[in-house]
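Trainee: have a look; sequence and predicted model below, questions after that.
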2 protein chains.
Amino acid sequence: MADLRQKILDASVALVEEQGVRAVSFREVARRAGVSHQAPYHHFGNYRGILRAIAQGGFAGLAQAMNDAAERADDPLEALTDAGVAYANFARTHAGHFRVMFQRALVDIRDREDPLEEAEAAHGTLIRLAQGAHEAGFGTQLTVDALTHICWATVHGISTLLVEGVLAEKTPMSESIEAELVQQVVRGLSALLRKDSAPSA
Amino acid sequence: MADLRQKILDASVALVEEQGVRAVSFREVARRAGVSHQAPYHHFGNYRGILRAIAQGGFAGLAQAMNDAAERADDPLEALTDAGVAYANFARTHAGHFRVMFQRALVDIRDREDPLEEAEAAHGTLIRLAQGAHEAGFGTQLTVDALTHICWATVHGISTLLVEGVLAEKTPMSESIEAELVQQVVRGLSALLRKDSAPSA
DNA sequence: GCGTTCAGGTGACATTGTCAAGTGAGTGCC
DNA sequence: GGCACTCACTTGACAATGTCACCTGAACGC
């Protein structure tokens, strides 16, 4: 079976989603895939290899989601905004990936001999879009750096709060309420930026 | 030794800080505290008990940091802003606590027989401050809810990005650069909110 | 003096990640 | 055809881990 690797990955992501990263066990994953406890080892080298592969797939998906969203927009701020919504929605719908992607104790993105290019790509997209919006005159009272960091922080923040279920502690969350919340936050920030735009824009 | 409990907690927090949550082992913690492998068990019931205690201390510290900061401010928006800075700086300087506090797979805040009141308190402070700023006329084009969520998301986002070292992947970070970055992001958002204020404010 | 609680220790168990070594099917090559 | 070699696994062992059951003293109430 050539797709054992994918099968193992799917099982691992499902486990992260259901019970958190800690529940991902080499042997449990093998059991779910119906193979011996060493089969995963063969494909991923060691335990962290699995997490790394999950992160890799996650960053690839995230970058694509952001790019797709930005491409369809017809205004630099709108592109940044839509990409932000895509970021948060990717996190929501890929909680298993997202939980692994941003924990450096689990995955070292900057491994000197094998850096995760997918993460670089996603990061690059973010920076490019923020720069575009700033050049177009949005968020004029901020530096490009500040604009970039504020946008990233906000989008990343709402993503983690949702993925970790922190917001669900106060009010029960449904798929659609979460989606609305993302819109509220990202478009809200976008509106603030639009209000702080140069006269030319 | 009556302070063994605290000793164990300190050792655990240090471990989380150094190597992530996964490195926290009941036995390693006991070893560092110089006691038998069952001594921690006696104080915390089980493995998650330790994490829960870490989160409890973390939320208490976070709530206090925010309240202290807000008290010293003389303007509702300034109070919200300063509390936000305090939030992020608490995260930076208590990475061990922070990593545990917001992972629901590790700590169930809403345990039905023993909810974490400290978390409620911290959350309450945040909501109170956001409401205050909104009532004072800041962020008028947003609902109170949107304002609250945007502020929380932004502050929480920059916190997690810093604590997980995500931002350090691009540019090397020092203590002071991180502190500046927090100011940049939180005060930047604050400035956007101030620009979007009612004429009365 | 005696039971009870508190604070911790010993020993055992199944389970985990990892290492070492095997197996068997396929493939290239003479 | 024969043979070395790689690939995709399997089996078996190891130390380490969380947890369970049980033991040990010291302090305390009465």
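Mentor: Yes, it's here. Computed from a predicted model, the values in this text were never measured in an experiment. Residues are numbered from 1 along each chain as shown, chains lettered A, B, ... in the order given.

Trainee: what angle do the helix or strand containing A:Arg187 and helix B:175-195 make?
Mentor: For A:Arg187, the element it lies in under DSSP states H and E is helix A:175-195. Angle, helix A:175-195 to helix B:175-195, by axes from the mean of the first three to the mean of the last three Cα atoms, to 10 degrees: 80 degrees.

Trainee: list the buried residues of helix A:175-195.
Mentor: Neighbour counts over helix A:175-195 (16 or more other Cβ atoms under 10 Å in any protein chain shown) mark A:178-179, A:181-194 as buried. For glycine as for every other residue, the C-beta is placed from the backbone atoms N, C-alpha and C.

Trainee: what sits closest to whichever residue of chain A sits closest to DNA strand D if chain neighbours are left out?
Mentor: Going by Cβ to the nearest atom of the strand, DNA strand D is nearest to A:Ser36 of chain A, at 2.9 Å. Nearest residue to A:Ser36, sequence neighbours excluded (Cβ to Cβ, 6 or more residues apart in numbering or on different chains): A:Ala30, at 6.4 Å.

Trainee: can you check A:Arg52 too?
Mentor: Nearest residue to A:Arg52, sequence neighbours excluded (Cβ to Cβ, 6+ apart): A:Val107, at 5.2 Å.

Trainee: can you pull the residues of chain A lying near DNA strand C?
Mentor: Neighbours of DNA strand C within chain A, by Cβ under 7 Å from any atom of the strand: A:Val24, A:Ser25, A:Phe26, A:Arg27, A:Glu28, A:His37, A:Gln38, A:Tyr41, A:Asn46, A:Tyr47, A:Arg48.

Trainee: how about the helix or strand harbouring the fourth one: buried residues?
Mentor: Assigned by DSSP H and E, A:Arg27 belongs to helix A:26-33. Buried residues in helix A:26-33, defined by neighbour count with 16+ other Cβ under 10 Å: A:Phe26, A:Val29, A:Ala30, A:Ala33.

Trainee: widest-spaced pair of those?
Mentor: Pairwise distances across these (Cβ to Cβ) peak at 11.0 Å, for the pair A:Phe26 and A:Ala33.

Trainee: what sits in contact with each of these two?
Mentor: Common neighbours of A:Phe26 and A:Ala33 (criterion: Cβ atoms under 8 Å, 6 or more residues apart in numbering or on different chains): A:Pro40.

Trainee: check what pLDDT A:Ala201 gets.
Mentor: With respect to pLDDT, A:Ala201 scores 44.

Trainee: just checking, what packs against the host helix or strand of A:Gly84?
Mentor: A:Gly84 is part of helix A:76-93, with elements assigned from DSSP H and E. Packed against helix A:76-93 by the contact rule (3 or more Cβ pairs under 8 Å, 6 or more residues apart in numbering or on different chains; DSSP states H and E) you find helix A:47-72, helix A:117-135, helix A:144-163, helix A:175-195.

Trainee: tabulate those (CSV), appending mean pLDDT and distance to B:Thr160.
Mentor: Formatted as CSV, the helices and strands packed on helix A:76-93 follow (pLDDT from 0 to 100; distance: least, Cβ to Cβ, whole Å):
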stretch, mean pLDDT, distance to B:Thr160
helix A:47-72, 97, 15
helix A:117-135, 96, 15
helix A:144-163, 98, 6
helix A:175-195, 97, 15
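
Trainee: I'd assumed A:Arg48 was in contact with the residue nearest to A:Arg52.
Mentor: Yes. With contacts counted by Cβ atoms under 8 Å, A:Val107 reaches A:Arg48, the gap being 7.1 Å.

Trainee: so those two - more neighbours on which side?
Mentor: Taking other Cβ atoms under 10 Å in any protein chain shown, A:Val107 and A:Arg48 do not tie; A:Val107 has more neighbours (22 against 15).

Trainee: backbone phi and psi for the more buried one, please?
Mentor: Backbone torsions of A:Val107, given as degrees, to the nearest 10, read phi -130, psi 120.

Trainee: tell me, how many residues neighbour the closest residue to A:Arg110 other than its chain neighbours?
Mentor: Excluding the flanking residues, the one nearest A:Arg110 by Cβ to Cβ, 6+ apart is B:Glu169, at 5.5 Å. B:Glu169 has 19 neighbours, counted by other Cβ under 10 Å.

Trainee: separation between B:Glu169 and DNA strand C?
Mentor: To DNA strand C, B:Glu169 is 23 Å away according to Cβ to the nearest atom of the strand, to the nearest Å.

Trainee: quick one on the thing from earlier: ok, the helix holding A:Arg187 near chain B or not?
Mentor: Yes. With Cβ under 8 Å from any Cβ of the partner chain as the criterion, chain B is reached by helix A:175-195 at A:Leu181, A:Gln184, A:Val185, A:Gly188, A:Leu189, A:Ala191, A:Leu192, A:Leu193, A:Lys195.
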